[in-house]
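[1] mind looking at a prediction? Sequence and model below.
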Amino acid sequence: MKGNEPSSITDVMDQPEVDPGGRRFLNTAMPGAWLDARGRFLEINEAATDLLEVVEKFLVGRPVISIMHPEDRHDIVQFLIDANTAGKGTIRREVRILSGEGPRRVVMALAYFDEPSTAGFFLQLHDATDLRATETALLESDERYQQFFENHTVAMYRMLPSGEIVEANHAMARLAGYPHPKYLLSLNASKMFLRPAERDTLNVDLDRVGTINGRDFEMARPDGSSIWVRDFARAVRRADGSLVYEGALFDVTERYLAEIQLHNRALQQASVSALGQLALQSRDAHAVAISAVRMAQEVLDVDSVILLRGEPLAKFAQWDSREVASSPFDKIDFEWLMSQVPPSHKAIVRPTPWDGFVSLLSVPDVDGGTALLAAYSTTKLDLTDDDIHFIQAISAVIAASLEQRESRQRLESLVASKDEFIASISHEVRTPLTVVMGVAHELFDRWRDLEPGERDELLGLVVGQTEEMSNLVEDLLVAARADIGKLPIHVEPMDIGPVIADVVASVSTPPDVVVELSPHNPTCYADPVRFRQIVRNLLTNAFRYGGDKINISINHSDDTVWVDIADNGDGVEAESRESIFEAYERAHRFTGKPGSVGLGLTVSRRLARLMDGDLTYRFDDGSVFTLELAAAPNLMFWNATSDA
């Protein structure tokens, strides 16, 4: 060590002032000063005096530790001793200096120098107050941001490009269906996408564009539910160069469902409108029904829709989704479906005894019948009011189409019946009229040549044919008057045995037919003229379509009389046993020639009902027509033949 170098802090403080050489630092902007070997100020530049808020003359000759906080002096004093001992050294410390406004933090740098003419220290000062304030502010800002992030009501997250979630706030946890954000950390975001491919698309767009401004996706929640969210995200490059995605999610389920509902409503209305146009233009009710069930399947997004009708229920129209390998209705009992329909005829949803769920709605069918529209889905059907109105609307279109088809068929049948009626009338009138005309010419031309017996026979033939024409005209008049409610009926007590016998005797019985008549003779309430007309029509029908044996039996109770006219013919097919009583209907048709007019049974039933009775048909080894009338108990008696 040089002779003038101090060996202790006392030596440093007591050494005489040394005049250093060189003043290069005086003009720099950096606060600085020259210190002698004992650490006393020799010279200080203007920047240093401004920082320390003192004038230069106040500092010159004073030790540097005098401006320092006592707690910060130890390291500096030790450095002064060590540097003087070693003849070299530097130190850098953050210390507090005593300024006019109180302690100020500065970074103090000391460097020992040894020039030929002198030795000492060069001092540089850096104000650390603003730096510390900035660091404190940044720290507080980070804390405030973290609190803002964690407590904000908007769901926010940070995740890596791999999908790993590295940060999430409480709102994000609530939105995703977790009790705390910690359950989201290290979770791969792809598990939160109901359709994971959407997450891959989001990554691609973030890598390509850097931002996502409102991307909707369906979020899967741990409880099995899902919600629709809208994502706003950006790609951020961190200080270490790694990439992270920051984003915020907003629950748009209600808005999305409202948009879906509006879309579905428009689709439903358009479908019903198109179906209605098709129903108006098409004559094929089955094609309309197929279109209806197809629209229902596509709009409701179910597996299959079917329309059942008839007795028993049978498939009329069906449409299955393309994803369905086999029709689900193949394993469902149709009668079970009908048993589930409530009396209110409202659309309902029921679980099936098999798999899945069905939505059921009864549809008005023709002639007061009921059809059934059923939709099947493997998942539970949550039908909205719009869905129910849609189903009801297409059901109404189907019902209208079926009714239109039935009306068209009835109209076509009426047109055909009209043609047949004209042909039958022509035949029924022409045949006896031809006979009458032929016989009349014969009588006119050969009256004198004919024997009295021959003349009587021919005249009888004329009378019989004219009676047949009269009966036909009477049936036509009865049918017409009954339709307009102007047919007079005069009911009175009447012994029916003699009347029936008289009718049997008056009609022309075919030679190969045997008519047997019951001897019973009860009294009933009836119009004698109309009663005779009924019996005559039933006998004529039996002669025309029955077998070779006709039996007329009479039975009674205290309040009812029954007249059965039975034959041993083939009878009427089961499906026609009621329609034979409709006007111009005939159960028996013969190719190549007109049949009867088809009014006899219609007129007979109407007359029976106008007399508070009825006329019915049953098959019992042949056709049996039963005329039912009210008995006249006070006048009922058995004749002598009956008693015998």
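    That came through fine.
[2] C-alpha from now on. contacts and neighbour counts both.
    Will do.
[3] got the buried residues for stretch 155-173?
    Within stretch 155-173, the residues that count as buried by 16 or more other Cα atoms under 10 Å are 155-161, 163-173.
[4] tell me the secondary structure at His490.
    The three-state label given to His490 by DSSP: H, G, I helix; E, B strand; the rest coil is coil.
[5] what sits closest to it if chain neighbours are left out?
    The spatial neighbour of His490 that comes closest, neighbours along the chain excluded (Cα to Cα, 6 or more residues apart in numbering), is Asp527 at 5.1 Å.
[6] quick one: the one you found and Asp495 touch, right?
    No - using Cα atoms under 8 Å, Asp527 is not in contact with Asp495, being 11.2 Å away.
[7] where's Leu414, which helix or strand?
    Taking DSSP states H and E as the definition, Leu414 sits inside helix 385-446.
[8] and that helix, what other elements does it pack with?
    For helix 385-446, the packing partners by 3 or more Cα pairs under 8 Å, 6 or more residues apart in numbering; DSSP states H and E come out as helix 253-281, helix 285-300, strand 357-364, helix 452-483.
[9] out of the ones you listed, deepest packed?
    Most buried of the helices and strands packed on helix 385-446, by mean neighbour count (mean count of other Cα atoms under 10 Å): strand 357-364, with a mean of 23.
[10] and the next element down the chain from that strand?
    Counting by DSSP H and E, the next helix or strand C-terminal to strand 357-364 is strand 370-377.
[11] which other residues reach that next one?
    With contacts defined as Cα atoms under 8 Å, 6 or more residues apart in numbering, strand 370-377 is touched by 297, 302-310, 313, 328-329, 338, 356-365, 395.
[12] buried residues in stretch 214-228?
    Neighbour count says stretch 214-228 has Asp216, Phe217, Glu218, Met219, Ala220, Arg221, Ser226, Ile227, Trp228 buried, by 16+ other Cα under 10 Å.
[13] and the angle from the host helix or strand of the first one to helix 253-281?
    Asp216 is part of strand 211-220, with elements assigned from DSSP H and E. Taking axes from the mean of the first three to the mean of the last three Cα atoms, to 10 degrees, strand 211-220 and helix 253-281 form an angle of 80 degrees between their directions.
[14] so how far is strand 211-220 off the chain centroid?
    Centroid separation for strand 211-220 versus its chain: 25 Å, with Cα atoms, centre = their mean, to the nearest Å.
[15] before we move on, what about stretch 362-375?
    With Cα atoms, centre = their mean, you get 20 Å for stretch 362-375.
[16] and it, end to end?
    With Cα to Cα, to the nearest Å as the measure, stretch 362-375 spans 12 Å from end to end.
[17] distance of Thr370 from Ile306?
    For Thr370, the distance to Ile306 - Cα to Cα - is 14 Å.
[18] and what of Asn551?
    Counting by Cα to Cα, the gap from Asn551 to Ile306 is 51 Å.
[19] one more: Arg530?
    Separation of Arg530 from Ile306 (Cα to Cα): 51 Å.
[20] what's the answer for Ser186, then?
    With the distance defined as Cα to Cα, Ser186 ends up 49 Å from Ile306.
[21] please apply the same query to Pro432.
    As for Pro432, its distance to Ile306 is 56 Å (criterion: Cα to Cα).
[22] between these two, which is the more surrounded one?
    Neighbours per residue (other Cα atoms under 10 Å) separate Pro432 from Ile306, with Ile306 holding more: 26 against 19.
[23] what is the more buried one paired to in the beta sheet?
    Beta-bridge partners for Ile306, by DSSP bridges, are Gln318, Ala374.
[24] residues contacting it?
    Val293, Lys315, Phe316, Ala317, Gln318, Trp319, Phe329, Leu373, Ala374, Ala375.
[25] list phi and psi for Arg199.
    phi -70, psi -40 (degrees, to the nearest 10).
[26] correct me, but it touches Asn188?
    No - with contacts counted by Cα under 8 Å, Arg199 stays clear of Asn188, the gap being 10.5 Å.
[27] quick one: the residue nearest the centre of the chain from Ile65, how far?
    Among the residues of the chain, the one closest to the centroid is Leu300, at 3.5 Å (Cα atoms, centre = their mean). Distance, Leu300 to Ile65, by Cα to Cα: 88 Å.
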